[in-house]
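J.: okay, sequence plus prediction incoming.
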Amino acid sequence: MGKRILSILILIIIVVIGFLQKDELLALIKEGGPLSLFISMLLVAICVFFPVIPFPVLAGVIGGVFGTTQGVIVSLTGAMVGTMAFFYLCRYGFRDYAQAKLMNHKKVQEYEAFLNRNSFLAILTCRLIPIIPAPVVNIVCGLSKVNGLVFFSASTIGKLPNILILSFAGASFSSSKLFSFGLYGGYILLISLINFVIMYRKMSKESAD
């Protein structure tokens, strides 16, 4: 009961900060400076729970303010803080609610079977190629017996390419907007193409069976 109450309080704080203070937090990020580093990580972590600001926009802004290298570090740190908090809240705070939530996703059972065979590869694949929404991956892994360190490692590696491209695009935005949009657009196109190939092969296999 205590874990449930603590989890509810944490979520309330996240909701309040995210929805009521997002504009102020974004303004502080754009100002730069030591405080904006912490604010950037905080806002990225909040967006793992509630996308009050689209993540590509937020990561791009952070990359534009801090540059590619520091932007990657800030965005990845914030993303992993939020991701691990989500993971442990599902595991210890909202287990019943999380299980009910998963029933709305038909692909979850397939992912669970894959997860049981190879946890690291399953998590890494779903981070690199988001066939399953990231919150669903967090919930499934939180409810499973997957080791927290394995979840952290695979998620960190899987999130890195997207954050790297977003940070680089954001850092390049002021000098070449067309390049920035083209870079991320090309990345999205590549991911979409991979998703299409995977789904096509799966449908072809099911038809053959």
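T.: Received, thanks.
J.: next, count neighbours for residue 114.
T.: Number of residues near residue 114 (other CB atoms under 10 Å) recorded here: 16. C-beta: built from backbone N, CA, C; applies to glycine.
J.: so it touches residue 122, yeah?
T.: Yes - counting by CB atoms under 8 Å, residue 122 is a contact partner of residue 114 at 4.5 Å.
J.: pLDDT of the longest helix seen in the chain, averaged?
T.: In the chain, assigned by DSSP state H, the helix with the most residues is helix 177-208. Averaged across helix 177-208, pLDDT comes to 77.
J.: how about low-confidence regions in the chain?
T.: Along the chain, the parts satisfying pLDDT under 70 run over 1-22, 95-113, 200, 202-209.
J.: so which residues of it form helices?
T.: Per DSSP H, the chain carries helices over the ranges 2-20, 22-31, 34-49, 55-66, 68-92, 95-102, 108-117, 119-128, 134-143, 148-172, 177-208.
J.: residues near the residue nearest to residue 152 when sequence neighbours are not counted, how many?
T.: Excluding its sequence neighbours, the residue lying closest to residue 152 (CB to CB, 6 or more residues apart in numbering) is residue 84, at 6.2 Å. Here the number of neighbours of residue 84 (other CB under 10 Å) works out to 19.
J.: distance of residue 84 from residue 68?
T.: Distance from residue 84 to residue 68, counting by CB to CB, to the nearest Å: 24 Å.
J.: what of residue 127?
T.: According to CB to CB, residue 127 stands 20 Å off from residue 68.
J.: number of residues surrounding residue 188?
T.: A count of neighbours around residue 188, defined by other CB under 10 Å, yields 13.
J.: ignore the last one, residue 178
T.: Neighbours of residue 178 under the rule other CB under 10 Å: 9.
J.: equivalent analysis for residue 133, please.
T.: 12.
J.: try residue 81
T.: 16.
J.: contacts only, for the closest residue to it other than its chain neighbours.
T.: Closest residue to residue 81 apart from its sequence neighbours, by CB to CB, 6+ apart: residue 45 at 4.5 Å. Counting by CB atoms under 8 Å, 6 or more residues apart in numbering, residue 45 makes contact with 78-79, 81-82, 85.
J.: so how far is residue 117 from residue 45?
T.: Distance from residue 45 to residue 117, by CB to CB: 30 Å.
J.: same check, this time on residue 194
T.: For residue 194, the distance to residue 117 equals 21 Å [CB to CB].
J.: looking at these two, which has the bigger crowd around it?
T.: In this view residue 194 and residue 117 are compared by other CB under 10 Å, and residue 194 has more residues nearby, 13 against 9.
J.: got a list of what the more buried one touches?
T.: When contacts are counted by CB under 8 Å, 6+ apart, residue 194 is found next to residue 129.
J.: ok, back up a step: okay, the angle between the longest helix of the chain and helix 55-66?
T.: Helix 177-208 and helix 55-66 are oriented at 150 degrees to each other (axes from the mean of the first three to the mean of the last three CA atoms, to 10 degrees).
J.: quick check: angle from helix 177-208 to helix 119-128?
T.: Calculated by the same axes, to 10 degrees, helix 177-208 forms an angle of 130 degrees with helix 119-128.
J.: could you list the buried residues of helix 177-208?
T.: Applying a neighbour-count criterion of 16 or more other CB atoms under 10 Å, one finds 180, 183-184, 187, 191 buried in helix 177-208.
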